[in-house]
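Asker: A predicted structure for the sequence below; I have some questions about it.
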Amino acid sequence: MKPNINLYASTWIVLMLFWGCDKGPDLTPTTQEGKNTFSCKVDGKVWIPDGTSDWFGLDKAINGGFAGFGSHDPPTIYLRTYSTNKIGLHIFLKTIEVGIHELNQDTYTIDRYRFPENYGWYQAADGISFITNRNHTGRVVITKADTISGIVSGTFEFEGGNSLGKKVKITDGRFDVNTKTVNL
């Protein structure tokens, strides 16, 4: 009996397709319960924070939430996320209002001397940073902002650019953070 070459070739192709289809992790569910979840796609690949921003490991992978209460600044939303491979993503909004917030202004990232415009910021593993501005825009949709329970939830997408002319595309972003259980 002669071997059926077509059957062997077909079987081999099917097996190679299964082995080559590593989709990676799934995006976190879109929720509004304060589950401390955050995920997005970075240039089409799922990214979920799993690390820390400092050398001592004190910060969590997801930090932030509501900020500015009790100070002279109005309340804001500031989320910081990090991976063990030094990837970071920040979202800053000048208001805690539920609704659509455009990321389309030239700005700097937050520090103690400036009150920046809304922005999205991404740092790649190689240390190159990308930020939203009038040419590289996006939006954050806040679906829940409850200062009593500490829950802030929403979705986001943006394109970040830098002075080197490079871009990054962030899509399908979602977060559900309980600010009472994360660091700020």
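Answerer: Noted; the coordinates are in hand. Bear in mind the structure is a predicted one, so any value in this text is a computation, not a measurement.

Asker: mind checking the end-to-end distance for stretch 129-145?
Answerer: 28 Å (C-alpha to C-alpha, to the nearest Å).

Asker: touching, residue 95 and residue 76? I think so.
Answerer: Yes: here residue 95 reaches residue 76: they are 7.0 Å apart, a contact under C-beta atoms under 8 Å. (Glycine included, C-beta is placed from N, CA and C.)

Asker: and those two? which has more neighbours close in?
Answerer: The residue with more neighbours, out of residue 95 and residue 76, is residue 76; 20 against 14, by other C-beta atoms under 10 Å.

Asker: this protein: helices as residue ranges?
Answerer: Assigned helices in the chain, in chain order: 5-19 (criterion: DSSP state H).

Asker: all strands for the protein, in order.
Answerer: 37-42, 45-47, 62-67, 76-82, 88-93, 99-103, 119-123, 129-131, 138-146, 151-161, 167-178 (DSSP state E).

Asker: burial count for the residue lying closest to residue 84 once chain neighbours are set aside?
Answerer: Nearest non-adjacent residue to residue 84, counting by C-beta to C-beta, 6 or more residues apart in numbering: residue 51, 3.7 Å away. Residue 51 sits with 16 neighbouring residues when counted by other C-beta under 10 Å.

Asker: return the residues in contact with residue 51.
Answerer: For residue 51, the contact set (C-beta atoms under 8 Å, 6 or more residues apart in numbering) comprises 61, 82, 83, 84, 85, 86, 87.

Asker: any regions of this structure where pLDDT drops low?
Answerer: Across the chain, residues meeting the criterion (pLDDT under 70) sit at 1-24, 52-59, 69-73, 110-115, 181-184.

Asker: straight-line length of stretch 158-170, end to end?
Answerer: So stretch 158-170: terminal residues 5 Å apart, C-alpha to C-alpha.

Asker: where's it relative to the chain centroid, distance-wise?
Answerer: 14 Å (C-alpha atoms, centre = their mean, to the nearest Å).

Asker: got a list of contacts for that stretch?
Answerer: Residues contacting stretch 158-170 (C-beta under 8 Å, 6+ apart): 40-44, 89, 103, 120-122, 124, 128-133, 135-139, 156-157.
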